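Asker: curious how this folds, go ahead:
(chains A and B)
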Amino acid sequence: MNKSKRYPGYFASGALIIYFVFFFLPGIIGVGYSFTDWSAYSDKLHFVGFQNFKTVFSSDENYMKIIFNTLWFTLVTTVLKNVIGLILALLLTKSIKFLNLHRGIVFMPSVLSTLIIGMIFKSILDPKSGLFNSFLRSVGLGMLAQKWLVSSELAFGSVMAVDIWRGVGYIMTILIAGLLSISTDYYEAASIDGADGWQKFRYITFPLILPTLATTTVLNVIYGLKVFDMVYALTNGGPGKATTEVLYTAVFKKFGTGQYAVGTALSSVMFVIMIFVGIYMIRIMTKNEVEE
Amino acid sequence: MKAKKTVMAIIRNIIAWIFSAICLIPLLLILFNSFKDKKAASKMNLYLPDLPIQWSNFVTVIEKGKLAASFINSLIYSAGSVVLCVLFASLAAYVLSRNKTKLNRFLYMFIVLGITLPINYVALTRVLQFLHLNNTAIGIILLYTAMQLPFMTFLIHGFVARVPVELDEAAVIDGCGPVQLFFHIVFPMLKPAIATATVLTFLNTWNEFVSPLYFLNRTEQWPMTLSVYNFFGMYFKDWNLVCADILLTSLPVLIVYLFGQKYIVSGMTAGAVKG
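Answerer: This is a model prediction of the structure:
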């Protein structure tokens, strides 16, 4: 029996059909709809060329600010999740009592619904009654108490901070797995040669954890560019004009107001960017698979 | 030297506890306040709840927040997509891994690309309308399945490679057809990967919020995430009730996390770390 008979192609058809119809196809026809005046107010579609993309990239609209916000969110959360995640991973691979308990607790926010975490932090960061400001006042740091989510200077930082709180445990968990896969022989040899802790980190741990950091970076970038739930629950783009607006909250607002064409144009810009990010990511992920 | 080591060890333990506390306190806040009465909970502080514990919060929430109905909705959506996703992902991963023709390699890459691709929700409404799946449970289940398939196929694909091909050959000599070969011989060997895929698909779909927001207009069809958010909007002054609602909504996820932590961690780190 040859391979194609033993492993019939139709086995893959279920996955392919569902994925294509509900995932890939909307992305493709979405690009098509970006060139029309599709909206909730008219049944007729007209071809309008690059009109929607002109709107998206024009300087007098808010979209450039929104795209910038999305990129800024991605950059800041990616860097800080990697840095804090690595510190946590280094700490929680040392001899510490209740090691697994600590790992379990730090990872826990990652399994909860992002939306619910947003709601919880809406209470914690409340200027008057919130736990965070009350805590600052009770330890005598009342002057640091701020209107975290309400002031336009601080809101975006607060949103990013909450998102880092939520996601750092996941990054830590991946990095712990990476650290544990480094052979202890290297460290033993370095000890014999008289290397101190910093030298071990600099010349052994760091170079060997870099491939794992590349993966966590890609994961963070994918998440950051697509972020929706956290922003929606905490500020919904406010306060004021697009202070914390990101791409997907903007798309949802366009959907809500029936401006489908602009919404799908914004989505399509993202779709095309992510195809390239995706190809890069597949290279990293499948390389690991082959080497296994 | 020894004293210095002990001090370092103590400092390390303290830092670990500080980090754990930062992660745990927001969750304890919800737990404590869900047991308080309205007045005490309005302060949203970390004082332990006074006795008697206000169990009535949970009863109120279940009635007013229609939690029973949305729990069943969430369960249907999650269970449906777990079954479809695990079945189709393992079938696809198996064939695409075992028979690596040029076409199959491409198809695998095509599916895995979905891990990064965003969904165009606006255009998706057109597809759902065309298929008459708008505002239906089946539409949501198929959509969830489509969203989870890329990663789960990737996850199981990595595992199929470790099941020896000699097993297939022996089964074929014994007269197994392709369907029998998969379901009787290979599928049972994939158990660890299947368990991980099941747990992860359940968690992701249970927490999913965006698709129902776009595609389910009727409150009777809402899953728990959407109804807890809606409840929050209506009762934002009654933090005792909001906390009780949040707690009940998160409970299934926390239970799955407690018992399935091993599978979650192995799934989430799959592909990220060599070996």
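
Asker: close to chain A: what parts of the stretch 151-275 of chain B are there?
Answerer: B:153-154, B:157-158, B:161, B:168, B:172, B:178, B:181-182, B:203, B:206-207, B:209-210, B:213-214, B:225, B:228-229, B:232, B:239, B:242, B:246, B:249-250, B:253-254, B:256-257, B:261, B:264-265, B:268-269, B:271-275 (C-beta under 8 Å from any C-beta of the partner chain). Placement of C-beta: from N, CA and C, glycine included.

Asker: now the chain, which segments are flagged as low pLDDT?
Answerer: You didn't pick a chain, so chain A it is. A:1, A:59-61, A:285-292 (pLDDT under 70).

Asker: should've been chain B
Answerer: In chain B (pLDDT under 70), the answer is B:1, B:271-275.

Asker: let's see it at 80
Answerer: Within chain B, the stretches with pLDDT under 80 are B:1-2, B:37-57, B:64-65, B:235-237, B:267-275.

Asker: most centrally placed residue in it?
Answerer: Nearest to the geometric centre of chain B sits B:Leu203, at 1.3 Å (C-alpha atoms, centre = their mean).

Asker: and after whichever strand or helix holds that residue, which helix or strand comes next?
Answerer: In the assignment (DSSP states H and E), B:Leu203 maps to helix B:191-207. Toward the C-terminal end, the helix or strand that comes next after helix B:191-207 (DSSP H and E) is helix B:210-215.

Asker: how far off centre is that next one?
Answerer: Distance, stretch centre to chain centre, for helix B:210-215: 16 Å (C-alpha atoms, centre = their mean, to the nearest Å).

Asker: can you pull the buried residues of that helix?
Answerer: The neighbour-count check on helix B:210-215 (16 or more other C-beta atoms under 10 Å in any protein chain shown) flags B:Val210, B:Ser211, B:Pro212, B:Leu213, B:Tyr214, B:Phe215 as buried.

Asker: list only buried entries from the residues of the stretch 151-275 of chain B next to chain A.
Answerer: B:153-154, B:157-158, B:168, B:172, B:178, B:181-182, B:203, B:206-207, B:209-210, B:213-214, B:225, B:228-229, B:232, B:239, B:242, B:246, B:249-250, B:253, B:256-257, B:261, B:264-265, B:268-269, B:271-273.

Asker: the host helix or strand of B:Asp245 to helix B:191-207, inter-axis angle?
Answerer: Assigned by DSSP H and E, B:Asp245 belongs to helix B:239-268. Interaxial angle of helix B:239-268 relative to helix B:191-207 (axes from the mean of the first three to the mean of the last three C-alpha atoms, to 10 degrees): 150 degrees.

Asker: could you check how far the residue of the stretch 151-292 of chain A found nearest chain B is from B:Tyr235?
Answerer: Residue of the stretch 151-292 of chain A nearest chain B, by C-beta to the nearest C-beta: A:Gly278 (3.6 Å). As judged by C-beta to C-beta, to the nearest Å, A:Gly278 and B:Tyr235 stand 41 Å apart.

Asker: kindly report the same for B:Ala161.
Answerer: 51 Å.

Asker: how about B:Phe183?
Answerer: Counting by C-beta to C-beta - B:Phe183 and B:Tyr235 are separated by 49 Å.
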